[in-house]
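S.K.: Coordinates only, no sequence provided:
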């Protein structure tokens, strides 16, 4: 291993220079800019610069009704649209004390977990692309296509679903969807074994990820990092388990954690989460009750009682929380969206100090950033 | 003009025209004083059920004004409203309790002339969500930073400064975070015209 000391002793100059990574860089997946102060190949300071895709979603929340804001929630983290819509409708339902029918809750769980798998597949393909492997992306998108086809058949959309409505879901699932979902679960399990032998056990990947970018559980706590990042640091924090919402308490699943805290741990957490999501989907399909998919008597004009209401969901990237402040009118007084990518990226400056640039890119990829989720 | 479709007054909810007569007739049928209970629903000042016990306060052991909140109704377990100069001390206490900073945000209460600053915390291993609120004057919104306690507060405070113009005293880099680098406006202030 070439150390910094060895380079310096050979007479390398000691001045630093500034390197802009992004906002148009393939490894930043969108428009994130990282202003890096470099000492040769080593990072002295890496400061993320955000806001290039800022859309002021929270202001939009203050000038339209609750139902009109609902489509926005699919467009914050476009890879995890279901859980984001769930957070928003959940907050409104909590304020109105609406009882969502059980069938709707089960459909929400099935579609959310499908969405989580498709999000993890995009991350898997893109992350490996960052590390220089092109083939896995093609496998990942092949399998993701099956999920998108299934979700399109019931939601009419392939990415920005807006499928959950205040009081239930937009429409019922049909037998074709249920059959197709069972087939997908059966199809995905052997594929994961193939993923393992193709990529996870690959010595090149392991050399690039093991011991790279350690993030301690204490650093996660100080920065509010959640999702696979904190679980890769050995903390079993998952909103589905800690603050059970919807019908998640009825399913048998484990929260995968790894104690290694490195990029490989975060990689393995996500791969294991796909397995757990498949388990949840299977159980939800077995238990799916009959009945309506919309609550009775959802008021046509939604006026939330004055006060503030929070609702948190476990998105693919971690904890997503909505805070609605109502003053009793049809239009929210304030909508706060707490997104996981922002907190997960905020520790990058501290975690990446002193790293080699290619290793820092592996660390950044293992955080699974979606930039519109940070910028909102 | 009255139409046949006009809603009729609900007869059920009206008190009997002559309660004394109703009681007398009921007493005539049965010796049990069943009719005595009937006037009670007409008196809203006396609820039938005793008030629900206050929700448990998981942070009752702290000498801070935390009170328990019904999680099912609100989405958090306890909250406290503190003085603006208390937020750093509260953050230190919650840090020692092992909580993590969820987010920081503001709410512009223009009519009252106040800015509310809301600090959300969650516990990484327990089922516990905590909300800390404080109010500062709207015409001079200044409050101390808590980034020394929770470094994650750095970006949340920059964002809150962007949107509300709240100045976090002692913050190392209070430059625009999501807004353009030359932005001088604060779009979530209620008097901001888009």
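M.R.: All right, it came through fine. Source: prediction; values computed, not measured.
S.K.: Low-confidence regions, chain A specifically.
M.R.: A:1-2, A:4, A:27-28 (pLDDT under 70).
S.K.: can you map out the strands along it?
M.R.: Remark: strands assigned in chain A by DSSP state E are A:17-21, A:33-39, A:42-49, A:164-165, A:168-169, A:307-315, A:318-326, A:334-338.
S.K.: of all those, which lies closest to chain B?
M.R.: Chain B lies closest, by CB to the nearest CB, to one member of the strands of chain A: strand A:307-315, at 3.2 Å. Yep, even glycine has a C-beta here, placed from its N, CA and C like the rest.
S.K.: Can you tell me the strand partners of that closest one and which way each runs?
M.R.: strand A:318-326 (antiparallel) (DSSP bridges).
S.K.: Just want the angle from the strand it pairs with to strand A:334-338.
M.R.: Strand A:318-326 and strand A:334-338 are oriented at 170 degrees to each other (axes from the mean of the first three to the mean of the last three CA atoms, to 10 degrees).
S.K.: tell me the contacts of residue B:147?
M.R.: Residues in contact with residue B:147 (CB atoms under 8 Å, 6 or more residues apart in numbering or on different chains) are B:153-154, B:157, B:168, B:170-172.
S.K.: Go again with 7 Å.
M.R.: B:153-154, B:157, B:171 (CB atoms under 7 Å, 6 or more residues apart in numbering or on different chains).
S.K.: on that earlier part again, as TSV, the strands of chain A with mean neighbour count would be great.
M.R.: Putting these into TSV (neighbours: other CB atoms under 10 Å in any protein chain shown) gives the following:
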stretch	mean neighbour count
strand A:17-21	14
strand A:33-39	18
strand A:42-49	18
strand A:164-165	26
strand A:168-169	25
strand A:307-315	24
strand A:318-326	25
strand A:334-338	24
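S.K.: Format these as JSON lines; extra columns: distance to residue A:279.
M.R.: Compiled in JSON lines, those are given as follows (distance: least, CB to CB, whole Å):
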{"stretch": "strand A:17-21", "distance to residue A:279": "38"}
{"stretch": "strand A:33-39", "distance to residue A:279": "37"}
{"stretch": "strand A:42-49", "distance to residue A:279": "35"}
{"stretch": "strand A:164-165", "distance to residue A:279": "22"}
{"stretch": "strand A:168-169", "distance to residue A:279": "22"}
{"stretch": "strand A:307-315", "distance to residue A:279": "15"}
{"stretch": "strand A:318-326", "distance to residue A:279": "20"}
{"stretch": "strand A:334-338", "distance to residue A:279": "28"}
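S.K.: Can you give me the neighbour number for residue A:72?
M.R.: Residue A:72 is flanked by 22 other residues according to other CB atoms under 10 Å in any protein chain shown.
S.K.: That one touches residue A:57, doesn't it?
M.R.: Yes - Residue A:72 lies in contact with residue A:57 (CB atoms under 7 Å); the separation is 5.5 Å.
S.K.: so what's the closest residue to chain B within the stretch 151-300 of chain A up against?
M.R.: Using CB to the nearest CB, the single residue of the stretch 151-300 of chain A nearest to chain B is residue A:223, 3.7 Å away. Residue A:223 sits next to A:343, A:346-347, B:151-152 when contact means CB under 7 Å, 6+ apart.
S.K.: again, 8 Å this time
M.R.: Contacts of residue A:223 by CB under 8 Å, 6+ apart are A:343-344, A:346-347, A:350, B:101, B:150-152.
S.K.: got the residues of the stretch 1-150 of chain A near chain B?
M.R.: Residues of the stretch 1-150 of chain A lying near chain B by CB under 8 Å from any CB of the partner chain: A:50-51, A:54, A:56, A:58-59, A:62-63, A:91, A:94, A:97.
S.K.: Would you mind checking those for buried ones?
M.R.: A:50-51, A:54, A:56, A:58, A:62, A:91, A:94 (16 or more other CB atoms under 10 Å in any protein chain shown).
S.K.: Least confident secondary structure element in chain B?
M.R.: helix B:19-29 (a mean of 44; mean pLDDT, DSSP states H and E).
S.K.: mind listing what residue B:131 touches?
M.R.: Taking CB under 8 Å, 6+ apart, one finds A:310, B:69, B:76, B:78-80, B:118-121 in contact with residue B:131.
S.K.: Would you format these as JSON lines with secondary structure and distance to residue A:34 included?
M.R.: JSON lines is the format used below for the contacts of residue B:131 (DSSP: H, G, I helix; E, B strand; the rest coil; distance: CB to CB, whole Å):
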{"residue": "A:310", "secondary structure": "strand", "distance to residue A:34": "32"}
{"residue": "B:69", "secondary structure": "coil", "distance to residue A:34": "39"}
{"residue": "B:76", "secondary structure": "coil", "distance to residue A:34": "34"}
{"residue": "B:78", "secondary structure": "strand", "distance to residue A:34": "38"}
{"residue": "B:79", "secondary structure": "strand", "distance to residue A:34": "37"}
{"residue": "B:80", "secondary structure": "strand", "distance to residue A:34": "37"}
{"residue": "B:118", "secondary structure": "strand", "distance to residue A:34": "29"}
{"residue": "B:119", "secondary structure": "strand", "distance to residue A:34": "28"}
{"residue": "B:120", "secondary structure": "strand", "distance to residue A:34": "27"}
{"residue": "B:121", "secondary structure": "strand", "distance to residue A:34": "28"}
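S.K.: which residues does residue B:116 bridge with?
M.R.: residue B:107, residue B:135.
S.K.: so who does residue 175 touch?
M.R.: Because you didn't say which chain, this covers chain A. Here residue A:175 is in contact with no residues (criterion: CB under 8 Å, 6+ apart).
S.K.: wait, I meant chain B there
M.R.: B:158, B:181.
S.K.: From residue B:189, how far off is it?
M.R.: According to CB to CB, to the nearest Å, residue B:175 stands 19 Å off from residue B:189.
S.K.: can you check residue B:69 too?
M.R.: 28 Å.
S.K.: likewise residue A:62?
M.R.: With distances taken as CB to CB, residue A:62 is found 11 Å from residue B:189.
S.K.: again with residue A:146
M.R.: 47 Å.
S.K.: Surely residue A:212 is in contact with residue A:364?
M.R.: No - if you go by CB atoms under 8 Å, residue A:212 and residue A:364 don't touch, sitting 11.0 Å apart.
S.K.: Of the two, give the one with the bigger neighbour count.
M.R.: residue A:364 (26 against 19).
S.K.: And the more buried one, how far from residue A:278?
M.R.: Distance from residue A:364 to residue A:278, by CB to CB: 28 Å.
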